[in-house]
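Enquirer: just coords:
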Ligand code: CA
């Protein structure tokens with residue numbers, strides 16, 4: 001849902017835009033004056049502003065200039081009956097992102113709103129097979145472990161152990177299983193403690209929890 005601030009004083013146009021844009025999944029907050037427009041643009045949480053130039057209290061250009069002076073980068077589409085090239089240039093120079101002359105084709109306005117509106121930040125997708133526990137990510141194919149975005153250099157055994165612990169998410173891995181998995185059945189018991197210590201030295205002392213008498217849990 002795009003949240004739009006409409007600054008326009010033509011009541012009939014406002015009513016038809018609210019109605020029409022709602023069906024296009026655009027939520028409209030409408031105000032009639034430049035003063036209100038600036039106030040709401042600064043306070044509100046809009047994705048775009050559609051701004052009329054001929055407002056009762058000031059020119060839309062004034063609002064636009066004041067808005068940009070606050071440091072706001074809210075996308076603005078100017079909507080006006082004045083279709084001269086001079087006005088277009090003036091609007092764009094003062095920080096408008098787009099310009100539509102009245103009368104306009106509704107679908108074109110919708111298209112421009114969709115194009116210009118602020119997009120929600122997309123979360124980077126986690127690649128398939130990548131394990132994420134706490135602030136750490138392990139890519140078993142690239143054989144890379146990163147924590148807080150920084151790659152952690154690990155020896156093959158350390159990597160194998162970290163991989164096993166992270167495969168279980170936040171669950172406890174029994175000591176016997178970790179030993180068997182990483183070193184095979186002939187492993188000496190204390191080798192696990194040594195490698196847990198290595199991992200903690202790379203990842204921080206609290207990255208792996210000891211569950212006394214049971215095993216280890218990766219916290220990240
Ligand atoms: Ca007007």
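Expert: It's in. Only a predicted model underlies this, so the values are computations on that prediction, with no experimental measurement involved.
Enquirer: Next secondary structure element downstream of the helix or strand containing residue 29?
Expert: Secondary structure here is read from DSSP states H and E; on that basis residue 29 sits in strand 26-31. Tracing the chain past strand 26-31, the next element assigned as helix or strand by DSSP H and E is helix 34-43.
Enquirer: Where do the strands of this protein begin and end?
Expert: Counting by DSSP state E, residue ranges of the strands within the chain are 2-7, 26-31, 48-52, 76-80, 98-101, 131-133, 136-139, 144-147, 150-152, 172-174, 208-211, 215-218.
Enquirer: These: which one's closest to the ion?
Expert: Distances from the ion to each of the strands of the chain were compared using C-beta to the ion; the shortest belongs to strand 48-52, at 4.4 Å. C-beta: built from backbone N, CA, C; applies to glycine.
Enquirer: Packing partners of the closest one?
Expert: Secondary structure elements in contact with strand 48-52, counted by 3 or more C-beta pairs under 8 Å, 6 or more residues apart in numbering; DSSP states H and E, are strand 2-7, helix 34-43, helix 60-69, strand 76-80, helix 106-116.
Enquirer: can you do 6 Å?
Expert: strand 2-7, strand 76-80 (3 or more C-beta pairs under 6 Å, 6 or more residues apart in numbering; DSSP states H and E).
Enquirer: Tell me what angle it forms with helix 60-69.
Expert: 150 degrees (axes from the mean of the first three to the mean of the last three C-alpha atoms, to 10 degrees).
Enquirer: now strand 48-52, how far from the centre of its chain.
Expert: Between the mean C-alpha point of strand 48-52 and the mean C-alpha point of its chain there is a distance of 23 Å (C-alpha atoms, centre = their mean, to the nearest Å).
Enquirer: and it, anywhere near the ion?
Expert: Yes: part of strand 48-52 sits close enough to the ion to count as contact by C-beta under 5 Å from the ion, namely residue 52.
Enquirer: quick one: strands adjacent to that strand?
Expert: Neighbouring strands of strand 48-52 in its sheet, by DSSP bridges, are strand 2-7 (parallel), strand 76-80 (parallel).
Enquirer: Among those, single out whichever gets nearest to residue 117.
Expert: Among the strands paired with strand 48-52, strand 2-7 comes nearest to residue 117, with 4.7 Å by C-beta to C-beta.
Enquirer: ok, the closest residue to the ion within the chain - how many residues close by?
Expert: In the chain, no residue comes nearer to the ion than residue 54, which is 3.8 Å away by C-beta to the ion. By other C-beta atoms under 10 Å, the residues close to residue 54 number 14.
Enquirer: what does the one 4 residues further on give?
Expert: By the other C-beta under 10 Å criterion, the neighbourhood of residue 58 contains 16 residues.
Enquirer: Now render the strands of the chain as CSV, adding mean pLDDT and mean neighbour count.
Expert: Listed next are the strands of the chain as CSV, based on pLDDT from 0 to 100; neighbours: other C-beta atoms under 10 Å:
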stretch, mean pLDDT, mean neighbour count
strand 2-7, 97, 22
strand 26-31, 96, 18
strand 48-52, 96, 26
strand 76-80, 90, 24
strand 98-101, 89, 18
strand 131-133, 91, 17
strand 136-139, 92, 20
strand 144-147, 93, 18
strand 150-152, 91, 13
strand 172-174, 94, 16
strand 208-211, 94, 15
strand 215-218, 94, 22
